[in-house]
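K.L.:
fold the following for me, if possible:
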Amino acid sequence: MNEELKSAQHRQLERLARLEAAGESVGGWKLGQTSGESRDAFGPGVRPFGFILASRILEDGARLSWSEVGNGGIENEVCFIIGRDIDRPVTAETVRSHLAGVAPAFEINQRRIPKTSAPADRIEDGLANWGIVVGPVRPLPEVWQPRTMTVTLRHEAEALESVPAAGHIDDHFETLARLANQLLERHRRLQAGDRAITGAFGKQNQPAPGRWTGDFGDTLGTVSLNIEP
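P.N.:
This next block holds a predicted model:
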């Protein structure tokens with residue numbers, strides 16, 4: 001990450017500090033540019049982070065008036081629940097020991113700045129995160145390999161797309177380790193209870209009203225969101 005992007009990441013945290021001073025709190029974090037066409041879009045290996053406000057973490061089956069979001073979209077993501085604070089650097093091999101569970105999820109994005117904005121502006125803006133929907137949490141399977149997943153996005157009964165993890169998304173545990181270590185460098189950390197999302201599978205811009213479901217297969221199950229006008 002070059003100095004311009006590092007500075008933008010710092011300004012994002014300054015914005016977060018102002019929100020915290022106003023009474024908000026952090027409920028989780030995301031690592032961006034990890035999947036599909038967005039990979040390496042900010043430069044080879046560049047994976048910036050963004051914060052998720054605790055007030056914007058919704059439960060499975062939540063109802064959301066899209067007028068609250070305005071311009072944006074939804075994306076299927078795997079969400080990991082942090083079980084204990086990560087207060088020292090970790091590797092992809094050791095990050096599992098800090099996890100309490102895993103869940104299917106939606107990220108809700110809000111386009112607050114133009115899509116053509118420079119990478120630094122997009123990082124400062126928090127990588128467009130508005131909030132997340134977290135499905136039922138399950139214990140982390142001991143031998144689970146996330147790259148074997150295929151995630152299907154449905155609107156009502158219609159399957160709109162199915163996206164296999166293989167070749168599409170960074171290794172989820174490498175993503176968690178990168179996220180944890182980047183936060184430590186900036187005097188933040190992944191804490192017990194935090195939710196961490198790791199990259200998009202299916203996505204839909206300006207989703208139509210109705211029930212949206214992300215099907216992550218037998219291992220993780222499904223997550224749903226009911227969108228109202």
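K.L.:
going forward, measure contacts and count neighbours with C-alpha atoms only.
P.N.:
Noted.
K.L.:
counting neighbours, what do you get for the residue nearest to Thr175 when sequence neighbours are not counted?
P.N.:
Spatial nearest neighbour of Thr175, excluding adjacent residues (CA to CA, 6 or more residues apart in numbering): Thr198 at 6.3 Å. Look at Thr198: counted by other CA atoms under 10 Å, it has 26 neighbours.
K.L.:
please name the residues that touch Thr198.
P.N.:
Going by CA atoms under 8 Å, 6 or more residues apart in numbering, Thr198 touches Lys30, Leu31, Gly32, Thr34, Glu77, Val78, Cys79, His172, Thr175, Leu176.
K.L.:
can I get those in JSON lines with secondary structure, pLDDT and neighbour count?
P.N.:
Output for these, formatted as JSON lines (DSSP: H, G, I helix; E, B strand; the rest coil; pLDDT from 0 to 100; neighbours: other CA atoms under 10 Å):
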{"residue": "Lys30", "secondary structure": "strand", "pLDDT": "98", "neighbour count": "25"}
{"residue": "Leu31", "secondary structure": "strand", "pLDDT": "97", "neighbour count": "21"}
{"residue": "Gly32", "secondary structure": "coil", "pLDDT": "97", "neighbour count": "25"}
{"residue": "Thr34", "secondary structure": "coil", "pLDDT": "97", "neighbour count": "23"}
{"residue": "Glu77", "secondary structure": "strand", "pLDDT": "97", "neighbour count": "27"}
{"residue": "Val78", "secondary structure": "strand", "pLDDT": "97", "neighbour count": "24"}
{"residue": "Cys79", "secondary structure": "strand", "pLDDT": "98", "neighbour count": "28"}
{"residue": "His172", "secondary structure": "helix", "pLDDT": "96", "neighbour count": "21"}
{"residue": "Thr175", "secondary structure": "helix", "pLDDT": "97", "neighbour count": "24"}
{"residue": "Leu176", "secondary structure": "helix", "pLDDT": "98", "neighbour count": "26"}
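K.L.:
out of these, who's nearest Ala208?
P.N.:
Distance to Ala208, by CA to CA, is smallest for Glu77 among the contacts of Thr198, at 19.2 Å.
K.L.:
mind checking how far that closest one is from Gly214?
P.N.:
Distance of Glu77 to Gly214, computed by CA to CA, to the nearest Å: 9 Å.
K.L.:
do the same with His10
P.N.:
Distance of His10 to Gly214, given as CA to CA: 33 Å.
K.L.:
which one of the two has more residues nearby?
P.N.:
Gly214 (27 against 15).
K.L.:
excluding chain neighbours, what is closest to that one?
P.N.:
Gly214's closest residue in space is Leu153 (CA to CA, 6+ apart), at 4.7 Å.
K.L.:
how about the secondary structure of the one you found?
P.N.:
Of the three states, Leu153 takes strand according to DSSP: H, G, I helix; E, B strand; the rest coil.
K.L.:
residues near it, how many?
P.N.:
Using other CA under 10 Å, Leu153 has 25 neighbouring residues.
K.L.:
pretty sure it sits against Thr222.
P.N.:
No - taking contacts as CA atoms under 8 Å, Leu153 lies outside contact range of Thr222: 9.8 Å.
K.L.:
regarding this protein, what is its longest helix?
P.N.:
The residue-count maximum for a helix in the chain (DSSP state H) belongs to helix 3-21.
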